[in-house]
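Visitor: Need the 3D shape of this:
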Amino acid sequence: MDLNKTIKHWLPIFLFLFTCSFVLSSPAFAHTNNSEGYSSIEVKEETLTYELKVDLTEFGHAMNKDLDPSQAIDTTAVQQYINSHIKLFADGARIEGRVSKTDIATINERPFAVVNLTYKLDQKPEKLVLEYNMFLDDSDPSHANFATIKMDGEQREQVLTFEKRELEIGEGTALQTSKQFLSLGLEHIFTGYDHILFVISLLIGAKTVRHIFSLITAFTIAHSITLALATLQIVQFPSKLVEMAIALSIVYVALVNIFDRDSKQQPWIAFSFGLIHGFGFAGILSEMRLDVNHMATTLLSFNIGIELGQLLIVLMAYPIILFVKKVQAFKWIIPGTSMGILAFGLLWFFQRAF
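Guide: Just a heads-up that it's a prediction; the model follows:
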């Protein structure tokens, strides 16, 4: 293949795609989508303590305030907003929290507001209901809060989303938790556009169904290993470094597809980069400090959700790729797609690096 001719042919397309992706990702278009929150709730005899961590930027959007990480948070405004968007009912009676402390923390290289609330109880309740509406109607309907609840010596994990805003503390079951984390795994893969583009790049470089199976198997085994290691906090790396490496993995596979179309992606490449992607998958779970007794169920359910999502991507994308490769008039689509993937990979790398 004539490399200079190839570069000359595709460079204008690449520059156009890169410019479009840069414009769409610039601050004028930026908004914290798929924002995350973390809740740590503990019920004692006559007190409930609630540590809430939410994305600082999204918190500012929701309250129509400019929250500066270097300045103290207005506790009065925060308390009013939280009490109107998080409702707790002890045995049917509404209770309101009082902000006891606020702070700023960095989670996955992003500033988070940390709010500690205290709720007074007349007595230890038999039933406690939480209604969670932070951001969901104000600024980010895709927001998810990962809640850890301790009550009566037990710990349970729940995920609060637009579709599921209410939970009864003490009423959760292992099956309910499994379903939620399976759904969370599915959502995580379908909103993880960098992971999707990496899988599509592997499919573009695949030659046969057997080759696809070897690539996806290698990628799955690798990211399952590091997902478990990172969640269990056995091996961890800075999230910024992980996200940069994920972007570079996309760049590498896209370059191979563009400049060496006759070669096929190797399973060891998919395995190596899969180890990196596993650390990216683990970001949410590692922050939740999951209970050891429920770790296996939660981790397995989350990983199954990721694998199901990944399988759906393969089943949807590969027939299209195969069809396009066979139709002469559409031959330009595959290299054009690879150029677009390369542009996004480079953009993500520079955004995450600087």
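Visitor: hey, let's count contacts and neighbours off CA atoms from now on
Guide: Fine.
Visitor: quick one: buried residues of the longest helix belonging to the chain?
Guide: Looking across the chain with DSSP state H, the single longest helix is helix 292-326. In terms of neighbour count (16 or more other Cα atoms under 10 Å), helix 292-326 has its buried residues at 295, 297-310, 313-314, 318, 321-322, 324-325.
Visitor: In terms of residue numbering, what are the domains of this protein?
Guide: 3-29+186-353, 36-172 (automatic domain parsing).
Visitor: rank these by pLDDT, which is bottom?
Guide: Mean pLDDT per stretch puts domain 3-29+186-353 lowest among those, at a mean of 82.
Visitor: how about the helices of the stretch 1-150 of the chain, start to end?
Guide: Listed in chain order, the helices of the stretch 1-150 of the chain (DSSP state H, counting those that start in this stretch) span 3-24, 56-63, 75-85.
Visitor: and the angle for the second one with helix 75-85?
Guide: So the one you mean is helix 56-63. 70 degrees (axes from the mean of the first three to the mean of the last three Cα atoms, to 10 degrees).
Visitor: give me the number of residues near residue 76?
Guide: 10 (other Cα atoms under 10 Å).
Visitor: any idea how far residue 113 is from it?
Guide: 14 Å (Cα to Cα, to the nearest Å).
Visitor: Same question for residue 135.
Guide: Counting by Cα to Cα, the gap from residue 135 to residue 113 is 14 Å.
Visitor: out of the two, which sits in the more crowded spot?
Guide: When residue 135 and residue 113 are compared for neighbours, residue 113 comes out ahead with 24 against 21, by other Cα under 10 Å.
Visitor: can you pull up the bridge partners for the more buried one?
Guide: residue 54, residue 104 (DSSP bridges).
Visitor: contacting residues for it?
Guide: Residue 113 makes contact with 52, 53, 54, 55, 56, 59, 102, 103, 104, 105, according to Cα atoms under 8 Å, 6 or more residues apart in numbering.
Visitor: Quick one, which of those are buried?
Guide: Buried among the contacts of residue 113 (16+ other Cα under 10 Å): 52, 53, 54, 55, 56, 59, 102, 104, 105.
Visitor: Closest one of those to residue 342?
Guide: Nearest to residue 342 out of the buried ones among the contacts of residue 113 is residue 55 (Cα to Cα; 29.2 Å).
Visitor: Surely the closest one and residue 108 touch.
Guide: No: look at residue 55 against residue 108 with Cα atoms under 8 Å: they stay out of range, at 10.5 Å.
Visitor: Look up how far residue 232 lies from the nearest residue to residue 227 once chain neighbours are set aside.
Guide: Spatial nearest neighbour of residue 227, excluding adjacent residues (Cα to Cα, 6 or more residues apart in numbering): residue 278 at 4.6 Å. As for residue 278, its distance to residue 232 is 13 Å (criterion: Cα to Cα).
Visitor: ditto for residue 354
Guide: Applying Cα to Cα, the value for residue 354 to residue 232 is 29 Å.
Visitor: more neighbours, those two?
Guide: residue 232 (19 against 7).
Visitor: just checking, residue 51 touches residue 82?
Guide: No: using Cα under 8 Å as the test, residue 51 is too far from residue 82 to be in contact (11.8 Å).
Visitor: For residue 313, which non-adjacent residue is spatially closest?
Guide: Residue 313 sits nearest to residue 196 (Cα to Cα, 6+ apart), 7.6 Å away.
Visitor: show me the contacts for that neighbour.
Guide: By Cα under 8 Å, 6+ apart, the contact set of residue 196 is 189, 190, 310, 313.
Visitor: quick one: contacts for residue 236?
Guide: Here residue 236 is in contact with 229, 230, 279 (criterion: Cα under 8 Å, 6+ apart).
Visitor: Distance from the chain centre to the helix or strand encompassing the last one, please.
Guide: Assignment of secondary structure by DSSP states H and E places residue 279 within helix 267-281. On the basis of Cα atoms, centre = their mean, to the nearest Å, helix 267-281 sits 16 Å off its chain's mean C-alpha point.
Visitor: Hey, what's the angle from that helix to helix 292-326? Just curious.
Guide: Using the same axes, to 10 degrees: helix 267-281 against helix 292-326 is 130 degrees.
Visitor: Show me what helix 267-281 is packed against.
Guide: Judged by 3 or more Cα pairs under 8 Å, 6 or more residues apart in numbering; DSSP states H and E, the packing partners of helix 267-281 are helix 209-231, helix 239-259.
Visitor: And the first one, how far out from the chain middle?
Guide: Once both centres are worked out by Cα atoms, centre = their mean, helix 209-231 turns out to sit 18 Å from its chain's centre.
Visitor: Export it to CSV, keeping only CA atoms.
Guide: Presented in CSV, the C-alpha positions along helix 209-231 are these (Å, rounded to 0.1, in the frame of the first residue of the first chain):
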residue,chain,number,x,y,z
VAL,A,209,-16.4,-15.4,13.1
ARG,A,210,-13.8,-17.5,14.7
HIS,A,211,-11.4,-14.6,14.7
ILE,A,212,-14.1,-12.4,16.3
PHE,A,213,-14.6,-15.0,19.0
SER,A,214,-10.9,-15.1,19.9
LEU,A,215,-10.7,-11.3,20.0
ILE,A,216,-13.8,-10.8,22.2
THR,A,217,-12.9,-13.7,24.5
ALA,A,218,-9.4,-12.3,25.0
PHE,A,219,-10.8,-8.8,25.7
THR,A,220,-13.4,-10.2,28.0
ILE,A,221,-11.0,-12.3,30.1
ALA,A,222,-8.6,-9.4,30.4
HIS,A,223,-11.0,-6.7,31.5
SER,A,224,-12.8,-9.2,33.9
ILE,A,225,-9.4,-9.8,35.6
THR,A,226,-8.6,-6.1,36.2
LEU,A,227,-12.2,-5.2,37.0
ALA,A,228,-12.1,-7.6,39.9
LEU,A,229,-8.6,-6.6,41.0
ALA,A,230,-9.5,-2.9,41.0
THR,A,231,-12.8,-3.3,42.7
